[in-house]
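Asks: sequence and predicted model, in that order:
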Amino acid sequence: MTAEGAVFDLGYERYAGPRLTDRQVFWRIVIDGLKKSVGIGKRARNKAFPFSLVALAILPAIGVVVIQVVAKIFGLPLGNDVLLNDREYFDWTSQLIFFFVAVAVPNLLIPDRVENVLLVYTSRPPTINTYLVARLVAMAISVGVFLMIPQLVLLIGEALISPSFFEHLADNLSFWWQVPITSLVYLAVNVGAAALIAAYVNNRGAAIAIYIVAVNVLTGVGFGLSSINEYFSLIALQFWPPRIRDWLFGVSTLEEIPGSDVPLVAVVAALLAFVTLAVLLILRRYRRLI
Amino acid sequence: MLEVDGLHFSYGDFHALKGLDLDVPQGRIGLVGANGAGKTTLVRVLLGLAPASAGSARVLGHDIATEPERVQARVGFMPEGNCLPLEETAAKFVAYAGELGGLPPNVARQRAADTLTIVGLDEERFRPIGTFSTGMTQRTKLAQAIVHSPDLVFLDEPTAGLDPNGRADMLSLINRLGDFGISVVFSTHVLTDIEATCDWVVMMDQGRILRSGRLDAVQTGHRVIAEFLDIAEPAATSLRTQGFEVEVDGRHLAVESSGDMDGFQAIMVAAADYGLGLRSLSADRRSLEQLFLEEESANQARAAE
């Protein structure tokens, strides 16, 4: 036995083990994007805003369920009307998602570009298109979860207090296509606009401000000009999702809003044209960078 | 390792690379040239980040135009400017860079820690990169370039902005890359850095290759210098009659070997014929800077014609 030891410098060792496939690398970028969009891995102040919005989105759903439970326990007459249905819930979450996207999208796109980290990414197998698609998927997942979770809380909560859990779910089968498609429309409009601005503005604060001001100004201008011609109301981006939502849910709640007589097909066409243009402009911007 | 054939690249009307031909073996390759010579553009083309407008390039046996992903899977890149996320820690970013290079997450985390230790960042790796000094930033950039175990790493001006100690440390790290089994393409305009680290040099100027070859061969060339114990003129006269180009300065003499004319042998014969004592006889090893300036001025003269 000896008390002496030896220190070995193993130095740099070559790695010869298995490597991630392209698809696995793609999902690593998606996961990184998801974390960045809600501030995971960052300081507490970075998480405060997105998680506060998520809490604000879910709380009314929980409140509705709790009120129904209490009413049921104490036999209070609530009638058969639901306090807040899934269509109406979008009116609440769409306000929150607007601010969530305003902050999350610039956080996701601008630092990588301004700090030139894209050079590191694209010198490896993922291409710039892979990067952009992965960022979009990350945004879609986080916004989708944001919009869907409160709706699921509402649906499952009501199912739990209904006489038959499965019967309630069976009666609400339309939920499974109405809510996801409506969420997709809100996602397309909000993320499309925010990503387009974030692709061309290099300052995060400025990108957030421009997005908020631009969307609201377009809404005001669109509705203002609709007195000249109702098709001018299509300038108001925020008008598209509720129009499509109402059609999906088979109701009409927007008669008082200017431009409500514009055919739905024109709204859908405007949405598709906007998303296509946004994607092309974003790709053009990023291809010039690399 | 690098095979380039008639490579052209243009930014609009500006021709950054003008028909490059290169064949470079594995090892530590110095890519030297003044600012604007086309070094960074060549590196970007070889990485598949910029498509060549004409010609072809193969890196590690793969055509960069048709198999860029196979090249990128085996190379690392340390860009010249900033390329690091300032809010993230070095440990986290280097691990993520490893994952993008194909390492499984657990392996990437372990290798990030090991690699950052090798480049000299220990506890600092848990600090946000935005708080790093220039030297620490350069080390982090090197770590992200080698974390995924590439066969070849492109280093674009890795000593830029470093103080003398930082520069010496970085050059030492670059020298060690060869021991790790990683070939290096080291792009810089600092010629002494190339002399300190590389075994092959590629000189560029105005989008053209001036010279490419083993560093010792390039520096040595065909020039032989001798110092005699007495004036060298008699030996010089003899050498001139044999067809050598000779320069004489007192006891010093220099001849240019060419083709099958061996300057060493000729000087020794001339010294023996005239009974001149030889104090020294050696190949004229020119500095890279001297050589580069000669090649550059010759290239500019050709371009002016």
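Replies: Received the coordinates, thanks. Residues are numbered from 1 along each chain as shown, chains lettered A, B, ... in the order given.

Asks: up against chain B, what does the stretch 1-150 of chain A have?
Replies: A:10-20, A:22, A:25, A:28-29, A:32, A:41-42, A:111-112, A:115-117, A:119-127 (CB under 8 Å from any CB of the partner chain). All C-beta atoms are positioned from the backbone trio N, CA, C, and that covers glycine.

Asks: Throw together a ChimeraX command that grabs the buried residues out of those.
Replies: Buried residues within the residues of the stretch 1-150 of chain A next to chain B, by 16 or more other CB atoms under 10 Å in any protein chain shown, are selected in ChimeraX with:
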select /A:12,15,19,20,25,28,29,32,111,112,115,116,117,119,120,121,122,123,124,125,126,127
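
Asks: in helices only, show me the residues of the stretch 1-150 of chain A next to chain B.
Replies: Among the residues of the stretch 1-150 of chain A next to chain B, DSSP state H puts A:22, A:25, A:28, A:29, A:32, A:111, A:112, A:119, A:120, A:121, A:122 in helices.

Asks: distance to residue A:282 for those - can I get that in a markdown table?
Replies: Formatted as a markdown table, those follow (distance: CB to CB, whole Å):
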| residue | distance to residue A:282 |
| --- | --- |
| A:22 | 22 |
| A:25 | 21 |
| A:28 | 22 |
| A:29 | 16 |
| A:32 | 19 |
| A:111 | 16 |
| A:112 | 13 |
| A:119 | 18 |
| A:120 | 20 |
| A:121 | 16 |
| A:122 | 15 |
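
Asks: can you redo these as a markdown table with pLDDT?
Replies: Below are these laid out as a markdown table (pLDDT from 0 to 100):
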| residue | pLDDT |
| --- | --- |
| A:22 | 91 |
| A:25 | 94 |
| A:28 | 94 |
| A:29 | 95 |
| A:32 | 93 |
| A:111 | 92 |
| A:112 | 92 |
| A:119 | 90 |
| A:120 | 90 |
| A:121 | 90 |
| A:122 | 89 |
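
Asks: identify the residue spatially nearest to residue B:224, adjacent ones excluded.
Replies: residue B:263 (3.6 Å; CB to CB, 6 or more residues apart in numbering or on different chains).

Asks: retrieve the pLDDT associated with the one you found.
Replies: pLDDT for residue B:263: 81.

Asks: can you pull out the helices in chain B?
Replies: For chain B, the helices defined by DSSP H occupy B:39-46, B:68-72, B:90-100, B:105-118, B:134-146, B:164-179, B:191-197, B:215-220, B:233-241, B:263-274, B:288-304.

Asks: tabulate those in JSON lines, adding columns for distance to residue B:125 and mean neighbour count.
Replies: Putting the helices of chain B into JSON lines (distance: least, CB to CB, whole Å; neighbours: other CB atoms under 10 Å in any protein chain shown) gives the following:
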{"stretch": "helix B:39-46", "distance to residue B:125": "27", "mean neighbour count": "24"}
{"stretch": "helix B:68-72", "distance to residue B:125": "25", "mean neighbour count": "20"}
{"stretch": "helix B:90-100", "distance to residue B:125": "4", "mean neighbour count": "26"}
{"stretch": "helix B:105-118", "distance to residue B:125": "4", "mean neighbour count": "20"}
{"stretch": "helix B:134-146", "distance to residue B:125": "8", "mean neighbour count": "24"}
{"stretch": "helix B:164-179", "distance to residue B:125": "16", "mean neighbour count": "16"}
{"stretch": "helix B:191-197", "distance to residue B:125": "25", "mean neighbour count": "20"}
{"stretch": "helix B:215-220", "distance to residue B:125": "34", "mean neighbour count": "16"}
{"stretch": "helix B:233-241", "distance to residue B:125": "62", "mean neighbour count": "17"}
{"stretch": "helix B:263-274", "distance to residue B:125": "54", "mean neighbour count": "18"}
{"stretch": "helix B:288-304", "distance to residue B:125": "35", "mean neighbour count": "14"}
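
Asks: turn these into TSV, including distance to residue B:251.
Replies: Shown next, in TSV, are the helices of chain B (distance: least, CB to CB, whole Å):
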stretch	distance to residue B:251
helix B:39-46	42
helix B:68-72	55
helix B:90-100	58
helix B:105-118	51
helix B:134-146	48
helix B:164-179	38
helix B:191-197	29
helix B:215-220	22
helix B:233-241	10
helix B:263-274	12
helix B:288-304	22
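
Asks: got the domain boundaries for chain B?
Replies: B:2-218, B:222-283 (automatic domain parsing).

Asks: could you tell me the end-to-end distance of the last one?
Replies: The reference is to domain B:222-283. With CA to CA, to the nearest Å as the measure, the ends of domain B:222-283 fall 7 Å from one another.

Asks: starting at the chain centroid, how far to it?
Replies: Taking the mean of its C-alpha atoms, domain B:222-283 sits 33 Å from the chain's own mean (CA atoms, centre = their mean, to the nearest Å).

Asks: can you tell me the closest non-neighbouring residue to the closest residue to chain A within the stretch 201-305 of chain B?
Replies: Nearest to chain A in the stretch 201-305 of chain B, going by CB to the nearest CB, is residue B:202, at a distance of 20.0 Å. Nearest non-adjacent residue to residue B:202, counting by CB to CB, 6+ apart: residue B:212, 4.6 Å away.

Asks: since that was my last question, I'll sign off now.
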